[in-house]
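Q: sequence and predicted structure, then a few things I'm wondering about:
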Amino acid sequence: MVEIITSTQNQRVKQWKKLQTKKGRQQSQSYLLDGWHLVQEALQSQVQITALIGTKAELALHNDIVARVNQVYQVTGGIMQEITATVTPQGIAAVVELPLLQLKTIPKSGKWLLLDRVQDPGNVGTMVRTADAAGFDGVVAGKGTVDFFSPKVMRSMQGSQFHISLATAELSDLIPAMQANGIPVYGTELNPQAISYHELPQSDQVAFVMGNEGQGMADNLLQLTTKNVYIPMPGQAESLNVAVSAGILMFSVN
């Protein structure tokens, strides 16, 4: 059964629009996927879609997917623009349940990326996607890091949230707990005590901490790490983008 909605003042439309905000996502315990690629990734990962929303033309393209969802809503292009906040919406979106993000158990193995106050959505999304590509087990966001499920992060993750673990935790507690479980935790800092990332061994047990774009890692976290590493730069640039740095480090241990 497909319900047709034509007004942006419809109550469902107003609820979907609220999913653009962290408060709205937390209140409804759901978030919005934008585009067929993310919808298909969700279905392949056995994630339940509570509402499939699309224009008449887009819904007609994938009858097979429409048939797998109980609640389907046909909307106008204007409504799609309203709920996705994109200039050129793809014409399809889906509402899915927000996963529980608070880290329940300390990892005892694996490769992990820890984010300390990383605030640019594109950087966070890119690091999640790169962690997925590099075979990492998960990404943990510390306090002050942008929400994994904000629309801009979602666009950068490109569905990688369905492939690896995402969690939030207090990093000052997590770092020593991971070390106690035998996982070395490397910070990122350019100082005389730091070692080149070339000196890191290939390992299936490792964690990297990436710091804030402007300020780097917090001092208290730098004191907790197993070692701190830097990336030698033979060129003249003063620094690397945090997502680029994370990619270099994650692939270096493979």
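A: Arrived safely, thanks for sending.
Q: pLDDT score for L43?
A: Note for L43: predicted pLDDT of 94.
Q: for burial, what's the neighbour tally of it?
A: Using other C-beta atoms under 10 Å, L43 is surrounded by 17 other residues. The way it works is simple: take the backbone N, C-alpha and C, and place the C-beta from them, glycine included.
Q: state the three-state secondary structure for it.
A: Recorded secondary structure, L43: helix (DSSP: H, G, I helix; E, B strand; the rest coil).
Q: what sits against it?
A: The contact partners of L43, taken as C-beta atoms under 8 Å, 6 or more residues apart in numbering, are 49, 65, 68.
Q: looking at these, which are in helices?
A: Where the contacts of L43 overlap with helices, as defined by DSSP state H, the overlap consists of I65.
Q: now, which of the contacts of L43 sits nearest E189?
A: Sorting those by distance to E189 puts I49 at the head of the list, at 42.6 Å, by C-beta to C-beta.
Q: in terms of helices and strands, where is the residue lying closest to that closest one once chain neighbours are set aside?
A: For I49, the nearest residue in space outside its immediate sequence neighbours is A94; the separation is 4.7 Å by C-beta to C-beta, 6 or more residues apart in numbering. Secondary-structure assignment from DSSP states H and E places A94 in strand 92-97.
Q: could you point out which element follows that strand?
A: On the C-terminal side of strand 92-97, the closest following helix or strand by DSSP H and E is strand 111-115.
Q: elements contacting that next one?
A: Under the contact definition 3 or more C-beta pairs under 8 Å, 6 or more residues apart in numbering; DSSP states H and E, strand 111-115 sits against helix 121-133, strand 138-141, helix 171-180, strand 206-210, helix 242-252.
Q: what residues does the second one touch?
A: Think strand 138-141. For strand 138-141, the external contacting residues (C-beta under 8 Å, 6+ apart) are 101, 103, 107, 110, 112-115, 118, 124, 127-128, 131, 148, 164-169, 171, 174.
Q: same deal with the third one?
A: Outside of helix 171-180, the residues within contact range by C-beta under 8 Å, 6+ apart are 103, 106-107, 112, 114, 116, 140, 142-143, 185, 207, 209, 220-221, 224-226.
Q: filter the residues you listed down to the buried ones, PyMOL style.
A: Typed into PyMOL, the line below selects the buried ones among these, using 16 or more other C-beta atoms under 10 Å:
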select buried, resi 103+107+112+114+116+140+142+185+207+209+221+224+225
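Q: quick one on the thing from earlier: need the winner for burial among the helices and strands packed on strand 111-115.
A: strand 206-210 (a mean of 26; mean count of other C-beta atoms under 10 Å).
Q: just the C-alphas of that one, formatted as PDB.
A: Presented in PDB, the C-alpha positions along strand 206-210 are these (Å, rounded to 0.1, in the frame of the first residue of the first chain):
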ATOM      1  CA  VAL A 206      45.800  -1.600  16.900                       C
ATOM      2  CA  ALA A 207      44.000   1.700  17.500                       C
ATOM      3  CA  PHE A 208      44.700   5.200  16.300                       C
ATOM      4  CA  VAL A 209      43.500   8.400  17.800                       C
ATOM      5  CA  MET A 210      42.800  11.300  15.500                       C
END
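Q: quick check, central residue of this structure?
A: The centroid of the chain falls nearest to F148 when counting by C-alpha atoms, centre = their mean (4.2 Å).
Q: name the element that residue belongs to?
A: For F148, there is no host helix or strand (DSSP H and E).
Q: how near is it to A141?
A: 6 Å (C-beta to C-beta, to the nearest Å).
Q: mutual contacts of those two, please.
A: Taking C-beta under 8 Å, 6+ apart as the contact rule, F148 and A141 both touch 101, 124, 166.
Q: lowest-pLDDT helix or strand in the chain?
A: helix 63-66 (a mean of 91; mean pLDDT, DSSP states H and E).
Q: tell me which strands whichever helix or strand comes after that helix pairs with, and in which orientation.
A: On the C-terminal side of helix 63-66, the nearest following helix or strand under DSSP H and E is strand 72-74. Each strand that pairs with strand 72-74, with its direction, by DSSP bridges: strand 2-4 (parallel), strand 49-54 (parallel).
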